[in-house]
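Colleague: Turn this into a structure:
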Amino acid sequence: MVVAANMEGHEPFCVGVVASGHTPPEWQHEVLSSLGGVVGARTIALPGPAPRSPSGAWALVCRRRRLLCPRPLPACDPRDASPRIDLLVDLAEASDSAGSHPPSPETWRLCDGLRRPLSAPFPGLCEITSGAGGAVSIQRVGETGAIRSATFAASPAYIPDLDRLYLRAAQLVAQAVRDRVHGIPGRGPPVALPSPGRRLPAVAHLAAGACRAALRRAESWFTEDSWMIGVVDTPIARVLTEPIERVAWLGKRRRSSYLADPFGVPGDPERLYCEELCTSSGVGRIRELVVRQARIESARDVELPHARHTSYPYLFEDGGSLYCVPEAIGDRHCLLLRLDGARWTPVAEPLGEGIAAADPTIFRWQGRYWLAYTDVDDGPFDTLSLCYAERLTGPWLRHANNPVKVDHASARPGGTPFVHGGELYRPGQDCSGVYGRAVVVHRVTLCSPLGFREEPVCVLRPERHGLNPDGLHTLSAWGERTLIDGNRHRFNSIAVRRKVASRIRALFTLASSQVSP
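Modeller: Numbering: from 1, shown residues only. This next block holds a predicted model:
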């Protein structure tokens, strides 16, 4: 039995987890382990019917991914012989499993994107191998809507991402139980992924997925992103009701570098910050552009206290001062900077050291400062995490249920959150299938230290036959105008040479490490 600490002296919320037999698969042990960290909840492991031994291709997958586990379930406390169960999580997915255990007000089950149980052979096979990504949801027995769901980027090769599917499942159950303990309603739309097409034997899906993965790797070797900055002569809130039209793209496309991640200087109609990425090195730096009549008049480097790659120079004004919180994944820390004269000075480190935070975005809502970011270690395209503070200088606290959202089609921050009509809106990136394919604008319906909810309002896609048809991943406010960036995939010999050189260095490093004693 796994027991968490009581909340405020009250009797803990009791969760019964029905596992597959007395020695369930490893992923079910992970679910039990994740629930052990939920404050205010008590978890009781209940053995259900033992699964049939895997056979055929599924048996090979189980052995390769070490899915079979000889560990028994945690021993049950004798006092829990007839426990009061508030919630039953049925991982065994057997029709009679819930009936053989103490009754509960409701029962949850874990399903993949096609509503197949995770305990079945090849969970998520069709979705992952089709290239749509993986999906997992918690379904309440007897209802169609999901209690909570997650979609994540996955390789079509399937086997490497099976562990990620089970990891997201364990994470999802713990988050849903945490919501229940705090009284936050859990109800959302069913997971919607592109149809994987006609049903085929599992071996055929595995082969098709491996081929798609190989094609993606080959394409990544010979194509490179080429981003450009665009200016739209309408305020950012207009995107809620009107499509983006008449974009003025700045500068010309160059093989040696590109410009992306634009953020206008508040109160200045001519200056903006952006990332300039060098194609030959793959390293980004922050540049300040002076723009007049849709033309770049001048550009200069911005000195920031980072030694390596920097991007996404998110700018905002507060109390008459200008602040910036740039992305610095290579340094694995997130610094909040203030402009003092002509120098950017660190004033806080909201996440501490060791967190690789992508696209950090600060906004103010309901009396608190919030930092939204994607933890790259938890998936570079999949998650949205939050921390908050009463003052910009801190102390900053992590959200109780991070990551608050797992969705590779909308989670990663993509620009300036804004308030319109008394409601908060947040741009997020659609990275399903390819990085930065579109921007999804959400209406935030709940943003508190214990819960977070948002719903999509509109999707901004690149013009299919325009100058930049292959991507759009930043939407930022610039007074009465809006800044975006657009992408075109193209062959770039400079980038190919960089990738080949990087691969050769990696092989030499690996060979040296194997030769060294």
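
Colleague: So for stretch 304-324, first residue to last residue, what's the gap.
Modeller: Taking CA to CA, to the nearest Å, the first and last residues of stretch 304-324 lie 10 Å apart.

Colleague: distance between that stretch and the chain's centre?
Modeller: Its chain's C-alpha centre and that of stretch 304-324 lie 23 Å apart, by CA atoms, centre = their mean, to the nearest Å.

Colleague: That one: which residues count as buried?
Modeller: Neighbour-count burial for stretch 304-324 flags 304, 306, 309-316, 322-324 (criterion: 16 or more other CB atoms under 10 Å). (Glycine included, C-beta is placed from N, CA and C.)

Colleague: again, but for stretch 156-166
Modeller: For stretch 156-166, the neighbour count (16+ other CB under 10 Å) marks 156-158, 161-162, 164-166 as buried.

Colleague: how about TSV for those, with distance to Ala150 and pLDDT added?
Modeller: Formatted as TSV, the buried residues of stretch 156-166 follow (distance: CB to CB, whole Å; pLDDT from 0 to 100):
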residue	distance to Ala150	pLDDT
Pro156	19	91
Ala157	20	89
Tyr158	17	92
Asp161	13	89
Leu162	15	91
Arg164	10	92
Leu165	10	94
Tyr166	12	94
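
Colleague: Using TSV, please lay out the residues you listed together with secondary structure and distance to Gly36.
Modeller: Converted to TSV, the buried residues of stretch 156-166 look like this (DSSP: H, G, I helix; E, B strand; the rest coil; distance: CB to CB, whole Å):
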residue	secondary structure	distance to Gly36
Pro156	coil	34
Ala157	coil	32
Tyr158	coil	30
Asp161	helix	25
Leu162	helix	23
Arg164	helix	21
Leu165	helix	21
Tyr166	helix	17
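
Colleague: Which one of these is nearest to Leu467?
Modeller: Sorting the buried residues of stretch 156-166 by how near they are to Leu467, with CB to CB, puts Pro156 at the top with 30.0 Å.

Colleague: how about the strands of the stretch 401-517 of the chain, start to end?
Modeller: Assignment of strands within the stretch 401-517 of the chain using DSSP state E, counting those that start in this stretch yields the ranges 405-406, 418-420, 423-430, 438-447, 452-460, 471-478, 481-487.

Colleague: Ok, which of the ones you listed comes nearest Val232?
Modeller: Of all those, the one in closest proximity to Val232, counting by CB to CB, is strand 481-487 (4.4 Å).

Colleague: Note down every partner strand of that closest one and its orientation.
Modeller: Partner strands for strand 481-487, per DSSP bridges, with pairing direction: strand 227-232 (antiparallel), strand 471-478 (antiparallel).

Colleague: The nearest residue to Pro395 once chain neighbours are set aside: neighbour count?
Modeller: Closest residue to Pro395 apart from its sequence neighbours, by CB to CB, 6 or more residues apart in numbering: Ala389 at 6.3 Å. When neighbours are counted by other CB atoms under 10 Å, Ala389 registers 18.

Colleague: can you list contacts of stretch 170-182?
Modeller: Applying CB atoms under 8 Å, 6 or more residues apart in numbering, the set of residues contacting stretch 170-182 from outside is 7, 13, 15, 27, 30-31, 33-35, 37-41, 87, 89, 108, 110, 136-138, 147-150, 185-186, 400-401, 403, 406, 450-451.

Colleague: Next step: the residues you listed restricted to helices.
Modeller: Among those, the ones falling in helices (DSSP state H) are 27, 30-31, 33-35.
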